[in-house]
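Visitor: coords below, sequence missing:
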């Protein structure tokens, strides 16, 4: 198994897009199936965004300063996905806006993946050596072990925010 950071990210993207296709194929009324698929999407995106935010983006910012604006945009795209994931984690497939919310999440994440793979992965490859990409990949694999697998529940988040302001 390669530890090249870009290879690992592409593998994650492939798995995430596979889940998106499964959701699309489930069709209307497949509430139990959709619920299981969305749970897997939430887990995959939560782990993936954690790894990118904690390991990949800081390293790319340091090693390829020309990609600063792209990385900042990626952080914001993650924020939007995090909000949608948080909301979806409290919803049921029968909820009126559930499928619409998943659709928006899929569209946003697809756009994000396309930008990474088509715009800044080639730039990273051009400016970052193989050994450094392998080192980043190794840190990504370590980070995956401690990455959260679900968003903080809204009640837990509120409690944490209340504690900070107390």
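Guide: Looks like it came in fine. What you are looking at is a predicted structure, and each value in this text was computed from that prediction instead of being measured.

Visitor: tell me the SS of residue 29?
Guide: Put simply, residue 29 is coil when judged by DSSP: H, G, I helix; E, B strand; the rest coil.

Visitor: and it, how many residues sit next to it?
Guide: By other C-beta atoms under 10 Å, the residues close to residue 29 number 10. Every residue, glycine included, has its C-beta placed from N, CA and C.

Visitor: any idea how far it is from residue 57?
Guide: Noted for residue 29: a distance of 39 Å to residue 57, by C-beta to C-beta, to the nearest Å.

Visitor: any idea how far residue 56 is from residue 48?
Guide: Note on residue 48: its distance to residue 56, by C-beta to C-beta, is 10 Å.

Visitor: Over to residue 137?
Guide: 9 Å.

Visitor: anything in contact with each of the two?
Guide: Residues touching both residue 137 and residue 56 by C-beta atoms under 8 Å, 6 or more residues apart in numbering: residue 5.

Visitor: The two - which one has more neighbours?
Guide: residue 56 (24 against 21).
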